[in-house]
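J.: Quick one, fold the following:
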Amino acid sequence: MNEISKPFIVLMAFLMSLTALAIDAILPALGSIRTVLNIVNENDAQFIISFVFLGMGIGLFFYGPLSDAWGRKRPLYLGLIIFILGSILSIVSESMEVMLLGRFLQGFGTAACRVVSVAMIRDKSSGPEMGKVMSLIMMVFIFVPAVAPAFGQLILNFAEWRYIFVSFVILGIVAFIILWKVQKETLKKSDRIPLSFKSLVAGSKETLLCRKAMLFTIASGITSGAFVSYLALSQQIFQTQLGVGDKFSYYFGFLALFIGTSSFINSKIVLRFGLLKPSVTAILALLGISGSFLIYFLLFGFPENIFSVMAFLCLAFLFIGILFGNLSTIAIEPLGHIAGIANSVISSIQTLTSVIIGTFIGHFYAGSIIPLVLGFFITSLVALGLIILFHVEDDI
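T.: I've put the predicted structure just below:
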């Protein structure tokens, strides 16, 4: 695997997982946060999740150019500091507005971890090899959402929800120290692009005009949107609708393992089949699964109990993990010479697309998972259409 070592993979996964931790660890605490912050409409609590994605989507655009000009590590330091400050703001929040500002800063800070980590991986690999590395990182990364709700629940068993944010501060400091002491810079000084308005515009323009990059970026954002809606709705679905109580973290963690499994499988097959074939297969599977469950729920009155909901989500997550690494890797592949800014533009568009779609789907929730199932079906259908469009235009 070229120059990529296991410690490097673990560090990249740790940095990228800070966002997942910031989202998933507080899910068991959303009910308590709603009470303390006087949130009347239950669906409004979804903004506590979506504002992390919003901050990340905006932040992603800035760190790429900085990493191309300054090297990879300095923007990561900046992002971790902002993440820590956002976590502190969430600790002291007494209103929804302050909480959302803190969550926005958390997302804005961890954007550096996401975009710069991918650029560092791109510095060391490309093509199917990069796809394999991304899948391995996703496999390590998925361990965090598997245990994060249980981690948050454990804290809640002994202290109030603010201490979950205290743990974020501690982990941010740990990440900063490890990055400083262990990881070497991956971008040579000779390969750096001076930060200027001209280079920013030129890199953004090249990325936006790359048809392959944009079609697969939007496809990635759309499919991720359905997953974002699941994250925002998971506490309401499991604790309110299905009444699982404190067992929520177990169900959530169990489902995360299915994404980890599909990511592991993907890391084995991309070197043989490439990135596209597994992605198309996964999208077709998601279409079939969500379409079948829609028929059951809508036409045959299939009951929405813990068994039917878990059956749908387990099957869907067994395939969606394949898409997370593959579609974004395909998008950035032709732009390796401007990996920093290209990944910023691509990740920003992908994340903002997913948060808009996820929030839109989430606000249709009214005690039934049908909007979520329909969201998976429509987003998969549109993503498939975009991939077909790319090949049709490519053959003209």
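J.: switch to C-alpha atoms for all contacts and neighbour counts from now on
T.: Fine.
J.: Could you point out the helix or strand that follows the helix-or-strand element of the chain with minimal mean pLDDT?
T.: Within the chain, confidence by mean pLDDT, DSSP states H and E is lowest for helix 127-141 among all helices and strands, at a mean of 65. Toward the C-terminus, helix 127-141 is succeeded by helix 143-158 as the next helix or strand (DSSP states H and E).
J.: Can you give the contact residues for that next one?
T.: 17, 20-21, 24-29, 161, 163-164, 246, 248-250, 252-257, 260 (Cα atoms under 8 Å, 6 or more residues apart in numbering).
J.: Kindly report the same for stretch 194-211.
T.: Residues outside stretch 194-211 that contact it (Cα under 8 Å, 6+ apart): 65-66, 68-69, 193, 213-214, 335, 338, 341-342, 345-346, 390.
J.: tell me the two of these that are most distant?
T.: Taking Cα to Cα as the measure, those reach their widest spread between Ala69 and Phe390, a distance of 32.1 Å.
J.: low-confidence ranges in the stretch 51-200 of the chain?
T.: Filtered on pLDDT under 70, the stretch 51-200 of the chain yields the residue ranges 125-136, 138-142.
J.: ok, which stretches of it are strands?
T.: Here the stretch 51-200 of the chain has no strands by DSSP state E, counting those that start in this stretch.
J.: how about the helices in it?
T.: Listed in chain order, the helices of the stretch 51-200 of the chain (DSSP state H, counting those that start in this stretch) span 73-91, 96-124, 127-141, 143-158, 162-181, 197-208.
J.: Minimum distance to Leu187: which of those has it?
T.: helix 96-124 (6.8 Å).
J.: Flag every buried residue along the closest one.
T.: Within helix 96-124, the residues that count as buried by 16 or more other Cα atoms under 10 Å are 96, 98-124.
J.: now do stretch 326-345
T.: Residues 326-336, 338-345 are the ones in stretch 326-345 that count as buried (16+ other Cα under 10 Å).
J.: Could I get the CA-only coordinates of that stretch as CSV?
T.: Provided in CSV are the C-alpha atoms of stretch 326-345 (Å, rounded to 0.1, in the frame of the first residue of the first chain):
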residue,chain,number,x,y,z
ASN,A,326,-16.5,5.5,-3.6
LEU,A,327,-18.5,8.4,-5.0
SER,A,328,-16.4,11.1,-3.5
THR,A,329,-13.2,9.3,-4.6
ILE,A,330,-14.5,9.1,-8.2
ALA,A,331,-15.3,12.8,-8.0
ILE,A,332,-11.9,13.9,-6.9
GLU,A,333,-9.9,11.4,-9.0
PRO,A,334,-9.3,13.7,-12.1
LEU,A,335,-8.3,16.6,-9.9
GLY,A,336,-5.3,15.2,-8.0
HIS,A,337,-3.1,18.1,-9.0
ILE,A,338,-5.3,20.5,-7.0
ALA,A,339,-6.4,18.0,-4.4
GLY,A,340,-6.8,20.6,-1.6
ILE,A,341,-9.1,23.1,-3.2
ALA,A,342,-10.8,20.4,-5.3
ASN,A,343,-11.7,18.4,-2.3
SER,A,344,-12.9,21.6,-0.5
VAL,A,345,-15.3,22.5,-3.4
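J.: just how off-centre is it within its chain?
T.: Its chain's C-alpha centre and that of stretch 326-345 lie 16 Å apart, by Cα atoms, centre = their mean, to the nearest Å.
J.: Give me the residues contacting it.
T.: With contacts defined as Cα under 8 Å, 6+ apart, stretch 326-345 is touched by 60-68, 115-116, 118-119, 122, 126-127, 130-131, 200, 203-204, 207-208, 212-217, 219-220, 275-276, 279, 346-347.
J.: any idea how far Phe300 lies from Gly325?
T.: Distance of Phe300 to Gly325, given as Cα to Cα, to the nearest Å: 36 Å.
J.: and these two? which has more neighbours close in?
T.: Taking other Cα atoms under 10 Å, Phe300 and Gly325 do not tie; Gly325 has more neighbours (25 against 10).
J.: Neighbours of Ser190, how many?
T.: 6.
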